[in-house]
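Undergrad: Here you go, sequence then predicted model.
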Amino acid sequence: MAQKAAKSSFVGETTVAKGYYENPENECEKHFFEVDGERAYRTGDVGHFEGDLLFCEGRIDFQIKLHGHRIELEDIDNNLLKNPKIRQAATVPSMADGKVKSITSFVVYNEPIEKNVLKQSNSVKKNWRNMCRNI
C-alpha cells in the first residue's frame, strides 16, 4: 500500500470563530486564516485522508494534554533553562492506555551538584508532585 503524505490539519467554514475569546494575542495567522473567503483554524494536528476518512497521526508541536490542561513541553524546558545552573533540559510524557499520565523533566547541571542541593531538588520535586495532584 502506498504511503500517504501527512499534512497539517485545519477546520473551516462559518463555524470557526474570528479568534480566541478574550485572548487577542493568539489571533494571528499561525492559528486563524482564510481559505476561499471562509475562516479557518489550524488545529496543530497532523493527518491524512484515505477516501472519506481522516486519519490523525499526532501533533506538529510538542503539546500534550494532562488532566484536561494543554501543556507545551518546550515551555517547561525553556523555563527550566532560565536557571543558570541548568545546561540542558528535556521534558517527556509518560503514556498509559493511549493517554498522558504524567510528565518528567530531565536536567543536566553545569557543574557537579552537592549533596545539600540534591536534597533541595528532591524537596522541590515532592512539592511539585503535590501541586500537580491538586490540578
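TA: Arrived safely, thanks for sending. Numbers count the residues shown, from 1 in each chain.
Undergrad: sec struct for the residue nearest to I103 when sequence neighbours are not counted, please.
TA: Spatially, and ignoring its direct neighbours in sequence, I103 is nearest to P93 (5.3 Å; C-beta to C-beta, 6 or more residues apart in numbering). C-beta here means a position set from N, CA and C on the backbone, and glycine is covered the same way. Here P93 is recorded as strand under DSSP: H, G, I helix; E, B strand; the rest coil.
Undergrad: Spit out the contact partners of P93.
TA: Listed by C-beta atoms under 8 Å, 6 or more residues apart in numbering, the contact partners of P93 are 64, 66, 73, 100-103.
Undergrad: same thing but 10 Å
TA: The contact partners of P93, by C-beta atoms under 10 Å, 6 or more residues apart in numbering, come to 62, 64-66, 71, 73, 99-104.
Undergrad: cool, K99 as well?
TA: The contact partners of K99, by C-beta under 10 Å, 6+ apart, come to 64-67, 93.
Undergrad: lowest average confidence, helix or strand, in the chain?
TA: Lowest on mean pLDDT, DSSP states H and E among the helices and strands of the chain sits strand 7-12, with a mean of 64.
Undergrad: Need the pLDDT of the residue nearest to I103.
TA: For P93, the pLDDT comes out at 91.
Undergrad: now, the most widely separated pair of the contacts of K99?
TA: Distance extremes for the contacts of K99: the farthest pair is H67 and P93 at 12.1 Å, using C-beta to C-beta.
Undergrad: Buried residues, whichever strand or helix holds V100. List them.
TA: Following DSSP states H and E, one finds V100 within strand 99-109. In terms of neighbour count (16 or more other C-beta atoms under 10 Å), strand 99-109 has its buried residues at 105, 107.
Undergrad: Find the residues that touch each one of H67 and P93.
TA: Residues touching both H67 and P93 (C-beta under 10 Å, 6+ apart) are 99-102.
Undergrad: Make TSV out of these and add pLDDT and distance to D77.
TA: Listed next are the shared contacts of H67 and P93 as TSV, based on pLDDT from 0 to 100; distance: C-beta to C-beta, whole Å:
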residue	pLDDT	distance to D77
K99	85	22
V100	88	16
K101	91	20
S102	91	16
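Undergrad: Out of the contacts of K99, which sit inside strands?
TA: Among the contacts of K99, the members found in strands (DSSP state E) are 64-66, 93.
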